[in-house]
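> I'll drop the sequence and a predicted model, then ask my questions.
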Amino acid sequence: MRSAVVLFPGSNRDHDMVKALYDVTGFRPTVVWHQDATLPDVDLIVLPGGFSYGDYLRCGAIAARSPAMLDVARKAKAGVRVLGVCNGFQILTEAGLLPGALMRNAHLRFVCKEVKLEVTNDDTDFTRAYRKGQVIRCPVAHHDGNYFADPETLARLEGDGRVAFRYAEGTNPNGSINDIAGILNEAGNVLGMMPHPENLIEALHGGLDGRGLFESVVRTIAA
Amino acid sequence: MQVRVTITLKAGVLDPQGKAIEGALRGLGFAGIDGARQGKIVDLALAETDPARARAAVAEMCEKLLANTVIENYDIDVLG
Amino acid sequence: MQVRVTITLKAGVLDPQGKAIEGALRGLGFAGIDGARQGKIVDLALAETDPARARAAVAEMCEKLLANTVIENYDIDVLG
Amino acid sequence: MFQNDIDITPELIARHGLKTDEYERILRLIGRKPTLTELGIFSAMWNEHCSYKSSKKWLKTLPTKGDKVVIGPGENAGVIDIGDGDVAVFKMESHNHPSYIEPYQGATTGVGGILRDVFTMGARPIAAMNSLSFGEPDHPKTRHLVAGVVAGVGGYGNSFGVPTVGGEVRFHPRYNGNCLVNAFALGIAKRDGIFLSEAKGVGLPVVYLGAKTGRDGVGGATMASAEFDDTIEEKRPTVQVGDPFTEKRLLEACLELMQTGAVVAIQDMGAAGLTCSAVEMGAKGNLGIRLDLDRVPQRETDMTPYEMMLSESQERMLMVLEPSREAEAEAVFRKWELDFAVCGETTDDLRFRIIWQGKEVADLPIKELGDEAPEYDRPWVEPKKAAPLADDDIPAVNDVGAALLKLIGAPDQSSRAWVYEQYDCLVQGNSAQIPGGDAGVVRVEGTSKALAMSADVTPRYCEADPFEGGKQAVAESWRNVTAVGGDPIALTDNLNFGNPEKPEAMGQFVRALQGIAEACRALDFPIVSGNVSLYNETHGEGILPSPTIVGVGLLPDVTKMATIAFKADGDEVLLIGGHGRHLGQSVYLRDLFGREDGTPPPVDLALEKKNGNFVRGLIAAGRVSTCHDLSDGGLGLALAEMAMAGRRGVRVELGDLAPHVAVFAEDQARYLIAVKPDIAAAILADAEKAGVRAERIGTVGGDAVDFGAAGKVAVADLRAAYDGWFPAFMGGGLA
Ligand SMILES: Nc1ncnc2c1ncn2[C@@H]1O[C@H](COP(=O)(O)OP(=O)(O)O)[C@@H](O)[C@H]1O
Ligand SMILES: [Mg+2]
C-alpha cells in the first residue's frame, strides 16, 4: 500500500506516523512538504498530529490553507482515502473536509493518557479489521479535542453511521459531544480522529490495538 | 491604517473557555454572573490608507483565514 | 448588564501567534500588512445594573483572573 | 537618543550588580572607563548566572571523568557514549525566578532553553523531565504557580514534540517565596556528529538565526539605562515569551544544516543572549569577534546596542559558517521561515567589537571577559545539623494500614497524574516507561537499547544534613535507574540554594557538593553537566537546599525492563537490603505527626552499590521484571505503589518487628522485587552468596495491602486517596 504523510511546520507526530505505516504496511510512506502543490498518487494520505503553525489562531487553521491541502481536497473528492489524526483531524475540519469543529478540552488542560475507544462502525475502510462494539485501548494527547457540531450535523453523522469511534467506559477525556472520538465524511473515504493509533502498534508501546486501523486500510486497498 | 477584527463564537456553539471562566469567577466569590463567552481580536496594521478598501481587504482575510465561519462571527473596526 | 473585556499583550511582549497570523496572511497573498497582534475578549453577562459598579467588579475580575497583568493590558466596555 | 559614553556613576555600577572591586577589576583589564554598552556586557558576563563566581571553586572538585564520558561540563550539555557510535547529550537548567514572576512563560522559556542546549550540540531531543518545588499547598500563591508552571512545561514540550517522561513535584513552606523549576532534556546524536561552540578560522561569517531580537528580559539593567531617556514606560523590562513553534523549526533547520557540513561552530543564545554566545565562540576558539548590530534582525524599533547585547529573546542561535556555504545555509533557514542574517565575522585580534550605526560602541578583550571574571572563595560555616532522634521519641501507630492510607493521600506522596497527564509522554513513539514508575525509559530508535533517567533530591534530608543529603540525592537517582534495569552512566545536576553571601547557606552548598562528589565517586557516576541557581531567598528566608540530580543509565535490552507493577497473584515479594529502622526526617513523622526532626537516613555507598548491582543483575538476566526502590515512606509506600500499579494486593509478614518502624523506615539502599515462586529460593541463595541481605516478606494476591495483625488497607481505598489529592487541591478552576 502506498501512502503519503503531509508535513507542516510544527507537525511532530509525522515521525511516529511514518514509522507506524512502515511497520504495518511494509512500505515507507512518502513525506510531502506542505508547500508542494501536488501530492503523489497514493492509496492513503495522512495528516499527522502535532502543532502545525503552533496551533496559533485556531488549531489546524493555517495548515488547512496550505498549497498541499488544496490537492488533498481534490484527491479526497476523487476518492483517495485520507486519514487525519489529532492535529490532522483539526486540519480536516478547518479545510471543510469534515464537518464540525474541535474546541478546547472542557477542563482546558492538555491531556495525555490512555482511553478506551468503542468501534461504532466496523463497515468502513478504516475499521474493518475491528468488530463493531469492540472496545480498544488508545492513547490521546491533545489540548483541543472537544468535538462540536450543530444538532442537524450531529443527527446526520449519527444517522449515517459516520461516527467511527467513540470514547468508551467513561473515558471521554475532553468533553466531546456524544463521546465522539472519530468521524467520517459522507463518502466514507476521509476519517478524522483525535486518538493516536500510531502510538499503540508494537510491544514497546504496551499494546497493539492501534494496528487494526492501518490493517483495515491495507485490507480495503487489497480487496 | 489600524484595523481591529473581533471574532466571537456564534450563539449555540460550545464555549468551554467561557464556561470555565464563569466557573472560576464564581469560585473566586464573584456573584451575579449570568454568563461568560470568550472570543478573540486580531489587530492589523495595514499599508492601505483608504478605510473602505481596508475594510474590504480585511473582510476577505476573515473569510479566508481569520474566522472559521462555521462557528464564528466577525466584526471589523477600522480604527484609522 | 453586558460588559466586554478586551485583553491585549503589552507593547514589546513577543506575540508568536500574531506573527504566525501575519505570515499566514502573506502566504495567502495579502500584501501591505505591517503587523498583526492578537488578543482576546471576554463577554460577561452580569446581574448588576449600575454601570459604575459593574465596571468596578469587572476590573477586580481582570486583576484577579481574566488578565495576566504581567504581560497583558485590559480594557473594560460596559455595553449596557 | 542613546548615549554610549555616559558617565559611569557608582550608582549605575551598583544597578548592574557589580561590586566596587569588580568595577576596579574592569578598569584594570581595559585600562579606561567602559562605555555603557561595555558595562552592560561586563555585568552580563560577570553575574552569578554566567560566571559561576561563587560556585566555580567548588564545582571544580566534582568528579567528571569516566570511561563513557565523551564531553563533560563546560559545553552546552554533557555527552556520554551509549555504544554503536551513538551518544546521549543531556543537561538540566533552572528557571526559578522567571517562573515565580510569570509561571507559564517562565516555565516555557526554561524548557525551551534546555532543549536548545541539547540540539545546539547536534542532538535530537528524545526525552524531557522536570523537577518542581512549590510552597505549601495552602499558601495563596501556590495553586496559581502550580497551574501556570505545569501548563507551561507541557505547553512548550508538547508543541515542540519531545516526550516528558518523568520528574518530581514537592511542596514545602520554604518554597513559598521561591519556587523551583528545573528542566532537563536529553538528546541522541552520532559520536562523530557533535557540534561545539569553539569557532575556528579567521574571517568567517558569524550568522544570526532564529527569532528576531526584542527587549525581552533585558531586566533591571535596562531600568538603569532607561533613566537616561524619557521612554522608561516603553522600555520596561518585558517578560520573555516562549515560542515552541519557532523552536521546533529552529531544531529542524539546525539539524538539517548540520548534515551539510557547513557549520563550523554553533552556540545558542541563552542568558544575556548575543553577549554570552559571541564571547563564548570567540574565546574558546582563540579568536576575536566583530558584530554589526545593524544587521541583527530586530522585532522592535529604536533598540539600543545596550539592549541588543543584553536581550534574552528566545529561540535564537549564533553560528560560524564555512564562508562558501552561506547561500546554502540561508536556503535551509528560509525554508523553515526563520530569520537568517550574517551579522559579523571572526577576527584574529582577540577583541570583542560591537558596531552600531557605523560606530564602535564596545571594544573589549574577549578572553578576559570570561577568563578574568571574578571568582570568590565565599566564607562558609559548617551548617547546623539536626540532632538524632531518641528511640523512645518515635510515636507508634495502632494500624499501619490506616497510616499508609493517610500517607498515600498526602500532598507529597499522592499521584502526580494531574501534572504529568498535561505532558505528552508518548510523542516520537519510543517511550518504554512513562511517568508513574521509578524512571522514565526511552528506546534509542532503531535499536533494542534504551535510556533510563530519574530526577531526585530530598531537600528535607539536605536541610538536616547537607552532606548526607547530597549523597542521598545521587544515590536515589542511581537507584531509580537501577530499579528499571538501567546501568547508571552519568548524571547532571541543578544546584538550587539560598544566598551564597551568607556563610550558613554557603556551608550548605559546600557540604552538599562534597556529599554529591563522594557519592559520584563511590558509584562511578560522573557529572557531565549542570547548573547552579543561588540567591533563592525572599525576605531573608532561603529555600531548602535542593541539589536536584538527574541520573541517566543504559538498558542494553529494553525488553528486559522492570516496572513497579505487581504482575501475578502468587508471586513472592522479596526485600533486598533488609528491614529498616531509621525514622528521622521521615514522611511518617512529617505527615502523621507534623514533625520534621531527626537526622536523615545515612547513605552507605558501598552497600548501595552492592545491592543495586545485585538487583540489576537479576533484571538483566531476565529473572526479575517487577522492581521498585524504597525511598520516601519506606516499605509501606513502595508496596502500596506496586499494588496500585498492578491492581492487586499483597500479604506481608512482619514477624515480630515493630510494624510502624518496619513499614515506614526510610533506610537507603533497598529494593522490593516480586518473582515467580519457583525461583524465589534460588534468588535468595544468590543474594546470600553475593553478601546481599534479602528476605521473603510476602506474597502478591488479594485486594488489600495486608500487614496481618498490624493492619490492612484495600487497594481501592489507596487508589482513591492517591488519585484524589491533586485534583481536589487544584479544583476545576483556572487558578
Ligand atoms: N513534574 C513531573 N513531571 C513528570 N512526571 C512526574 C513529575 N513529578 C512526578 N512525576 C512522576 O511521578 C512518579 C512518582 O514520583 P516520585 O515519587 O518523585 O518518584 P520516586 O520516588 O521513584 O523518585 C515518577 O514516575 C515521576 O516520574
Ligand atoms: Mg523510585
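On my side now, so go ahead. Numbering: from 1, shown residues only, chains lettered A, B, ... in the order given. Ligands and ions are numbered 1, 2, ... in the order given.

> would you agree residue D:646 is in contact with residue D:566?
Yes - with contact defined as CB atoms under 8 Å, residue D:646 counts as touching residue D:566 (3.2 Å). Quick note: C-beta positions are derived from backbone N, CA and C, even for glycine.

> report pLDDT for residue D:734.
In the predicted model, residue D:734 carries a pLDDT score of 45.

> excluding chain neighbours, what is closest to the residue of the stretch 451-600 of chain D found nearest chain B?
Ranked by CB to the nearest CB, the top residue of the stretch 451-600 of chain D for proximity to chain B is residue D:538, at 25.2 Å. Of all residues not flanking residue D:538 in the chain, residue D:177 sits nearest, at 2.9 Å (CB to CB, 6 or more residues apart in numbering or on different chains).

> and what of residue A:198?
Closest to residue A:198 by CB to CB, 6+ apart is residue A:20, at 3.8 Å.

> how far does the one helix or strand the one you found maps to sit from its chain's centre?
Assigned by DSSP states H and E, residue A:20 belongs to helix A:14-25. Computed by CA atoms, centre = their mean, to the nearest Å, the chain-centroid distance of helix A:14-25 equals 14 Å.

> and that helix, what does it pack against?
Judged by 3 or more CB pairs under 8 Å, 6 or more residues apart in numbering or on different chains; DSSP states H and E, helix A:14-25 is in contact with strand A:3-7, strand A:44-47, helix A:211-222.

> please see if the last one touches chain D.
When you say that, I think you mean helix A:211-222. No - no part of helix A:211-222 sits near chain D under the criterion CB under 8 Å from any CB of the partner chain; the closest distance found is 13.2 Å.

> show me which positions of that helix end up buried.
Going by neighbour count (16 or more other CB atoms under 10 Å in any protein chain shown), the buried part of helix A:211-222 is A:211-218, A:220.

> farthest-apart pair in those, please.
Farthest-apart pair in these is A:211 and A:220; separation 14.7 Å (CB to CB).

> so where do the strands sit in chain B?
B:2-9, B:33-46, B:72-78 (DSSP state E).

> and chain A, is the last one touching that?
Yep, that's strand B:72-78 we're talking about. No - against chain A, strand B:72-78 shows no contacts by CB under 8 Å from any CB, the least distance being 8.6 Å.

> show the average pLDDT along that strand.
Mean predicted confidence for strand B:72-78 is 97.

> and that strand, what does it pack onto?
Secondary elements touching strand B:72-78 (3+ CB pairs under 8 Å, 6+ apart): strand B:2-9, helix B:51-61.

> pick the most buried one from the ones you listed.
Scoring these by mean neighbour count under mean count of other CB atoms under 10 Å in any protein chain shown gives strand B:2-9 as the most buried, with a mean of 20.

> paired strands for that strand, with orientation please.
Strand B:2-9 sits in its sheet next to strand B:33-46 (antiparallel), strand B:72-78 (antiparallel), going by DSSP bridges.

> and the longest one, how far from the chain's centre?
Between the centre of strand B:33-46 and the centre of its chain there are 4 Å (CA atoms, centre = their mean).

> same question for the last one.
Its chain's C-alpha centre lies 7 Å from the corresponding centre of strand B:72-78 when counted by CA atoms, centre = their mean.

> so for that strand, what gets flagged as buried?
Residues of strand B:72-78 classed as buried: B:72, B:74, B:76, B:78 (neighbour count, 16+ other CB under 10 Å).

> nearest to residue D:487 among the residues you listed?
Using CB to CB, the buried residues of strand B:72-78 come closest to residue D:487 at residue B:72, 54.9 Å.

> distance check, the residue nearest to the closest one when sequence neighbours are not counted against residue C:38.
Spatial nearest neighbour of residue B:72, chain neighbours left out: residue B:7 (5.2 Å); criterion: CB to CB, 6+ apart. Distance, residue B:7 to residue C:38, using CB to CB, to the nearest Å: 10 Å.

> more neighbours: residue D:646 and residue D:566, which one.
Per other CB atoms under 10 Å in any protein chain shown, whichever of residue D:646 and residue D:566 has more neighbours is residue D:566, with 26 against 21.

> now the more buried one: which helix or strand?
Going by DSSP H and E, residue D:566 is not in any helix or strand.
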